[in-house]
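Enquirer: make a model of this:
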Amino acid sequence: MRRGSRYVEVPAARLLPHLRSICESVGAKGGRCAEGRAGLELVFDVGVPHGRAMVRVYTSLAAGADVARPCGEDAVRIVVCVGTPEGVRALEESQKVLRTAPQGAPDRAGYFLARLTDEIRAAYRRALAVPACPDCGRSMARRYGKHGEFYGCIGYPKCKTTRRI
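Expert: I've put the predicted structure just below:
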């Protein structure tokens, strides 16, 4: 780490158990969680009980790596998405959680992990609020059109159902 840098190196030995404990907590409340890969990167899919959406956490850890990619190069990313037969489809823009902490914090990695937990909780609440299409039952995603913001079925163009926000 550079002298004076706000970036925190987060060892896999801290990040992975932390994310796994979040998964256990979600599972105890009726949700589901899966650990996997997207390319070479380890990801965690945290699913909500109704099953319409999930939160995907891109860890910035390559499979088998001891630490996240070098600080400043990447952040942990969180996105609310749905699984489709074609793969994972985002319902919103991904959100970066920079691996930063105040210089004087006694446990800088712990400070970052607490912020990460808060961001995952916020994304989980957004995933819980994803409505179902009244016609086909698929998830509806927030869309922007010439008349403003609306929900549109992710089954478009087969299902053209929309709903005002």
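Enquirer: after the helix ranked longest in the chain, which helix or strand is next? Please name it.
Expert: Identified as the longest helix of the chain according to DSSP state H is helix 108-128. Using DSSP states H and E, the next helix or strand after helix 108-128 towards the C-terminus is strand 140-145.
Enquirer: for whichever helix or strand comes after that following strand, packing partners?
Expert: Proceeding N to C from strand 140-145, the next assigned helix or strand is strand 148-153, under DSSP H and E. In this structure, strand 148-153 makes packing contacts with strand 140-145, strand 162-164, judged by 3 or more C-beta pairs under 8 Å, 6 or more residues apart in numbering; DSSP states H and E. Any C-beta I mention is one placed from the backbone N, CA and C, and that applies to glycine too.
Enquirer: just name the most buried of those.
Expert: strand 140-145 (a mean of 16; mean count of other C-beta atoms under 10 Å).
Enquirer: what are the pairing partners of it, and which direction each?
Expert: strand 148-153 (antiparallel) (DSSP bridges).
Enquirer: if you average the pLDDT over the longest helix of the chain, what comes out?
Expert: Predicted confidence along helix 108-128 averages 94 (mean pLDDT).
Enquirer: kindly format the C-alpha coordinates of that helix as PDB.
Expert: Once non-C-alpha atoms are left out, helix 108-128 reads as follows in PDB (Å, rounded to 0.1, in the frame of the first residue of the first chain):
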ATOM      1  CA  ARG A 108      -9.100  -0.500   8.100                       C
ATOM      2  CA  ALA A 109     -10.200  -3.700   6.400                       C
ATOM      3  CA  GLY A 110     -13.000  -4.100   9.000                       C
ATOM      4  CA  TYR A 111     -14.100  -0.600   8.300                       C
ATOM      5  CA  PHE A 112     -14.400  -1.400   4.600                       C
ATOM      6  CA  LEU A 113     -16.200  -4.700   5.300                       C
ATOM      7  CA  ALA A 114     -18.800  -2.900   7.400                       C
ATOM      8  CA  ARG A 115     -19.400  -0.400   4.500                       C
ATOM      9  CA  LEU A 116     -19.700  -3.300   2.100                       C
ATOM     10  CA  THR A 117     -22.200  -5.000   4.400                       C
ATOM     11  CA  ASP A 118     -24.300  -1.900   4.400                       C
ATOM     12  CA  GLU A 119     -24.200  -1.600   0.600                       C
ATOM     13  CA  ILE A 120     -25.200  -5.300   0.200                       C
ATOM     14  CA  ARG A 121     -28.100  -4.700   2.600                       C
ATOM     15  CA  ALA A 122     -29.300  -1.700   0.600                       C
ATOM     16  CA  ALA A 123     -29.100  -3.700  -2.600                       C
ATOM     17  CA  TYR A 124     -31.000  -6.600  -1.000                       C
ATOM     18  CA  ARG A 125     -33.800  -4.300   0.000                       C
ATOM     19  CA  ARG A 126     -34.000  -3.100  -3.700                       C
ATOM     20  CA  ALA A 127     -34.000  -6.700  -4.900                       C
ATOM     21  CA  LEU A 128     -36.900  -7.400  -2.500                       C
END
